[in-house]
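*Asks:* After the sequence you'll find the predicted model.
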Amino acid sequence: MNDNQDNFNILRMILKNSKISQREMSKELGISLGKINFCLKGLKEKGFIKINNFKKNKNKLNYMYLLTPKGISEKTKLTINFMRRRMKEYEELRKEYEESHKENENEK
């Protein structure tokens with residue numbers, strides 16, 4: 001996967017569950033924990049997310065990830081690009097199917 005796809009998936013996960021751990025993200029997305037951490041830092045530096053830790057929690061490893069307005073805008077752009085890629089793939093598969101179907105009909 002490329003970084004845009006990874007960032008898109010991470011932003012989607014954060015939107016669904018802002019209290020998700022990096023380990024849970026790693027497991028669900030099949031991305032190494034180190035890459036999750038790297039992507040989150042990058043998203044924070046770009047201003048797409050805010051990272052808050054639970055101050056009163058004894059376990060200081062718990063964080064909450066919040067999408068900023070800039071992050072929501074970026075997620076929308078990534079979603080549109082994702083949908084365009086999927087539609088292009090669909091059209092290519094549909095054409096292949098139609099060509100294959102025509103060839104099978106001609107053989108009969």
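*Replies:* Nice, I can see it.
*Asks:* buried ones in the helix or strand in which Met83 is found?
*Replies:* If you go by DSSP states H and E, Met83 is part of helix 69-107. Buried residues in helix 69-107, counted by 16 or more other Cβ atoms under 10 Å: 71, 74-75, 78. For the C-beta atoms, the positions are set from N, CA and C on the backbone; glycine is no exception.
*Asks:* Which elements pack onto that helix?
*Replies:* With contacts taken as 3 or more Cβ pairs under 8 Å, 6 or more residues apart in numbering; DSSP states H and E, helix 69-107 sits against helix 3-16.
*Asks:* Give the rounded mean pLDDT of the helix or strand just after the helix it packs on.
*Replies:* Moving toward the C-terminus from helix 3-16, the next helix or strand (DSSP H and E) is helix 22-29. In this model, helix 22-29 has a mean pLDDT of 94.
*Asks:* Also stretch 90-106?
*Replies:* For stretch 90-106, the mean pLDDT works out to 89.
*Asks:* want to throw the buried residues of helix 69-107 into a markdown table with distance to Lys35?
*Replies:* Listed next are the buried residues of helix 69-107 as a markdown table, based on distance: Cβ to Cβ, whole Å:
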| residue | distance to Lys35 |
| --- | --- |
| Gly71 | 19 |
| Glu74 | 18 |
| Lys75 | 19 |
| Leu78 | 17 |
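*Asks:* between the residues you listed, which is nearest Glu99?
*Replies:* Leu78 (31.9 Å; Cβ to Cβ).
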